[in-house]
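1. attaching a predicted model along with its sequence, questions to come.
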Amino acid sequence: MLSLKEPTRIRIDGSPITNVFGNIYSTNCGSSMTSSAPPQPGASSSSNAAAGGINPAGEIILECDTEKGEIYVRPVGGPGKPVNLFISSQHATYTLLLKRSDTPADTIVIRDKTPRFARADANAGSPTARTPQHVRALKGMLVAMASDRPPTDVRVEEVNRPIQLWQEAKFSLIRLYEGRGLIGERYILTNVSNQDMVLAEQEFDRERGDVVGVSVENHNLRPGESTTVYVIRRGS
């Protein structure tokens, strides 16, 4: 929902907003942050708005908080058709359909549940780490780990074994996945403290250097919340 009279705050959980596509009426964000939406019938260019001017056919007023990586939007005019907005981070672009509503100001938080790697390879200088085949193998293993039905060429073992990590966290190895040259580990981490917890992929690396990929589903956990952690390492 997009408030008719108050700015609506939009942010991406765990990532700053890097670009906004839309039919913008005016903005303080500058051309490096904004651009025209993908071509649509009747859509007008937002180049004038991005340059600090006014786009008479624009639908939203956009303001940016670059330090926090957040934006604030307010529709132009009263009730009308929904507003299409495209929000980008370093990892993906999200499509929002914002319905105008006579409601108080609110915050829209985009939480991307799609697993992704924070690091490509622990030994990035090696020739194999840069090959397309190696990257495809990593992505294939991650998809297999996130899927309820992994492919037949990946062997799955149910483990359900608690592992000592931190006093503030309950950490359990749920499943092991074995493919060609790669071993995947799927964990569940629960914040058992009374404080918010912020996670980073680097915390799940290993000193022996065999980890080639780490993905954390949710980087910010309130007390009692859980997240899935995927770790991929080189097999024997």
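-> That came through fine.
2. name the helix or strand of this structure that has the lowest mean pLDDT.
-> Lowest by mean pLDDT, DSSP states H and E among the helices and strands of the chain is helix 47-50, with a mean of 48.
3. helix or strand next in line after that helix, which one?
-> On the C-terminal side of helix 47-50, the closest following helix or strand by DSSP states H and E is strand 60-65.
4. quickly run through the sheet partners of that next one, with directions.
-> The pairing partners recorded for strand 60-65 under DSSP bridges are strand 24-27 (parallel), strand 70-75 (antiparallel).
5. now do whichever helix or strand comes after the last one against strand 70-75, angle only.
-> Pointing back at strand 70-75 there. Using DSSP H and E, the helix or strand that follows strand 70-75 towards the C-terminus is strand 83-88. For strand 83-88 against strand 70-75, the angle by axes from the mean of the first three to the mean of the last three CA atoms, to 10 degrees is 170 degrees.
6. helices or strands up against the longest helix along the chain?
-> In the chain, with assignment by DSSP state H, the single longest helix is helix 132-146. Here helix 132-146 touches strand 169-178, strand 182-191, strand 211-216, strand 226-234, going by 3 or more CB pairs under 8 Å, 6 or more residues apart in numbering; DSSP states H and E. Yep, even glycine has a C-beta here, placed from its N, CA and C like the rest.
7. next one: the spatially most central residue of the chain from Glu59, what distance?
-> Nearest to the geometric centre of the chain sits Asp112, at 4.2 Å (CA atoms, centre = their mean). Plainly put, Asp112 is 25 Å away from Glu59 if you go by CB to CB, to the nearest Å.
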